[in-house]
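**Student:** Please work out how this folds:
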Amino acid sequence: MKNKGKTVGIIKQVALLFLVSILSTGLLTFLSQRMMAKTEVRQQTESIAATISQEMGLAIKEYPSYEWLMKYWHANWEEMDIEYDVDFSPGTKTEEKAKAFNEKHPDLQIKYITSEEAEKLSPEDQKAFAEICYSWLITRINEIKQLYDVDYLFCVSTDDGFKNQFFLFSAADPGAKRGTNYEEVYTLGVQSTVGESQEEAMRSAAEHSSHLADAGNYMDYYSYLDKLGEEHILIGLTYDLTDLRANSAIQTKQGTAFAVFHQIALAVLCLMGLFFFVLLPLKEVQKNIRLYKETKDSQEVREKLSEVKTKNEIGQLSMDVMELSTEMDEYINNIESITAERERIGTELSLATEIQCGMLPSEFPAFPDRYDFDIYGAMDPAKEVGGDFYDFFMIDEDHLCMVIADVSGKGIPAALFMMAAKIILANNAKMGKSPSEILRDTNASICSNNKGEMFVTVWLGILELSTGILKAANAGHEYPAIKHSGEDFQLYKDKHGFVIGGMDGMDYKEYEIKLEPGAKVFLYTDGVPEATNSENQLFGVERMIDALNKAKDETPEKVLSSIRKRVDEFVLEAEQFDDLTMLCLEYKGVN
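**Tutor:** This next block holds a predicted model:
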């Protein structure tokens, strides 16, 4: 009963998974269909809007003098006497004006007068011509609005600022009230300031010929007609999408319900097949895995699993479990020897760490009887042992040698190479050689027997304590940071030579720095600026210099402690990938 209950639990989990999948698929189906429907509505609306805008543009441009007319309407809108709804029957005001104009100018057809012909008319005839054309044109635009059932249809002019608009036309339904109030159909000459969204829409239409904007249940469309002088002429219209959106929503819901129903039926069939062809054989495999867990009897497990005849992945799983039980027996026999070997390696690594630490100066103050300088160093390897090292020692009573180096690679090979390099450097330095000679001869010694093809970057300096003159040479190492008395730490960008061990026969440049009492020298390996946090950002030289300057008046020990604290705060829980080695000297001078 215990196993049966668990099998039913799996069925419930799979059924729940199917249910979640069905609901998720249904939701995605609903969203995708709704998006498609919305896109279709938008496309249809944009197509119709383009057609209406084009038809309105053609109606305007049907007048050869439309550019002259628009300029005239814009400039003289206050003096114009306009009839907004013309039925073209004799006796109307507009038709009487047209009749009088035709009698006065029998050789001109009003609708086809050109701009040049309009310019030649008298001011009185120009005004009558402009009023007649406006009344005829606005009547045609009213017809377009009613034909396509547009909520708003208008034509405005605006300058390059797109903040104000001047209404040239506003189409109206029969009987609509025209005026200047918000809910009235605007007359010629109404001016208004637009909002940010409308300003952007107008600007977009002027730049891209047309602009379609979604405004809830309405769709606004702007199209570019022409530019007259400094004014842009734009056609605008608004559609009510309420009915279209309602029909789209109904179709979306019906399509989603149909899809979900089919998915439920398919899920039921899948669950039945899953139970008979997967879960029941899997239950047998599970039972034998538990048997092996309790008895560790691989022979009995193999005999029972051989009865599972399913020729699919479950059958292969039973064979894998049979093989695994055999391998587990062998593994258990070997685990004790493996554990013992690991303990031995751990012991040897601990001893190697102690040996390496013993090779580096670690007792501070290092020279308690010297008051003309103070020095402090620290090395924290990325692994149990590392390839970085620092060293300092008195060559004679007036000369202090300082070394910091970074060996290529990590771990025990780098540590062994590090110890050899450290000994060779120290031996050459104690022979009274200059920094460049020390690096040259060390490179020659290492290159003569460097089968591992390893190399080391080195900065080496010799400080004459009586004068404060520091002579140094750099073999591909990081720039030192120098703080002169009363100043801040700054990188000293010395000339780099080639790395030690990289190529035989190399020479190295040597340089001098004059240190005054109170000066400090900070040396480091690339583990400091390249310390990396969890976001893969580097600590960097700028943060290092900033940390140095915040502790510039502290002792060398506190300077290194401050740098280490800043690095730890930056890195936080991220793993240390490189050795972190630092050395700081404070020159106090001879009293």
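
**Student:** all strands for the stretch 451-591 of the chain, in order.
**Tutor:** 456-464, 469-475, 481-483, 489-491, 496-497, 510-514, 519-524, 580-587 (DSSP state E, counting those that start in this stretch).

**Student:** Out of the ones you listed, flag the one nearest A531.
**Tutor:** strand 580-587 (6.9 Å; CB to CB). Heads up, the C-betas are built off the backbone N, CA and C, glycines and all.

**Student:** which secondary structure elements does that closest one contact?
**Tutor:** strand 373-380, strand 388-396, strand 399-407, strand 519-524, helix 556-571 (3 or more CB pairs under 8 Å, 6 or more residues apart in numbering; DSSP states H and E).

**Student:** Starting from that strand, tell me which strands it pairs with and how they run.
**Tutor:** strand 373-380 (antiparallel), strand 519-524 (antiparallel) (DSSP bridges).

**Student:** I'd like those strands as TSV, with distance to T457, mean neighbour count and mean pLDDT appended.
**Tutor:** Putting the strands paired with strand 580-587 into TSV (distance: least, CB to CB, whole Å; neighbours: other CB atoms under 10 Å; pLDDT from 0 to 100) gives the following:
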stretch	distance to T457	mean neighbour count	mean pLDDT
strand 373-380	15	21	93
strand 519-524	12	25	96
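
**Student:** would a markdown table of those with distance to L137 be doable?
**Tutor:** Supplementary listing: the strands paired with strand 580-587 in a markdown table, determined by distance: least, CB to CB, whole Å:
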| stretch | distance to L137 |
| --- | --- |
| strand 373-380 | 86 |
| strand 519-524 | 82 |
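
**Student:** where along the chain do the helices fall?
**Tutor:** 2-61, 66-75, 93-104, 115-120, 123-148, 196-208, 242-274, 280-295, 298-305, 313-359, 411-429, 435-447, 540-550, 556-571 (DSSP state H).

**Student:** deepest of these, which one?
**Tutor:** Ranked by mean neighbour count, the helices of the chain are led by helix 435-447 with a mean of 22 (mean count of other CB atoms under 10 Å).

**Student:** looking at it, K422 is touching V407, isn't it?
**Tutor:** No. The pair K422 / V407 is not scored as a contact, 9.7 Å apart, by CB atoms under 8 Å.

**Student:** Quick check: neighbours shared by these two?
**Tutor:** Each of F389 lies in contact with both K422 and V407 under the rule CB atoms under 8 Å, 6 or more residues apart in numbering.

**Student:** Enumerate every residue touching the nearest residue to G540 once chain neighbours are set aside.
**Tutor:** Spatial nearest neighbour of G540, excluding adjacent residues (CB to CB, 6 or more residues apart in numbering): P529 at 5.5 Å. Counting by CB under 8 Å, 6+ apart, P529 touches E478, L538, F539, G540, V541, R543, M544.

**Student:** Check I141 too.
**Tutor:** Applying CB under 8 Å, 6+ apart, the residues near I141 are M56, A59, L153, C155, F169, A171.

**Student:** Return the closest of those with respect to D374.
**Tutor:** C155 (85.7 Å).

**Student:** per-residue confidence at that closest one?
**Tutor:** Looking at C155, its pLDDT reads 92.

**Student:** my guess is it contacts E231, does it?
**Tutor:** No. Using CB under 8 Å, C155 is not in contact with E231, being 11.7 Å away.

**Student:** Looking at the two, which has the bigger crowd around it?
**Tutor:** Neighbours were counted for C155 and for E231 using other CB atoms under 10 Å; C155 has more, 24 against 18.

**Student:** How about that one: what's its closest non-neighbour residue?
**Tutor:** Counting by CB to CB, 6+ apart, C155 lies nearest to F169, which is 4.2 Å off, once chain neighbours are set aside.
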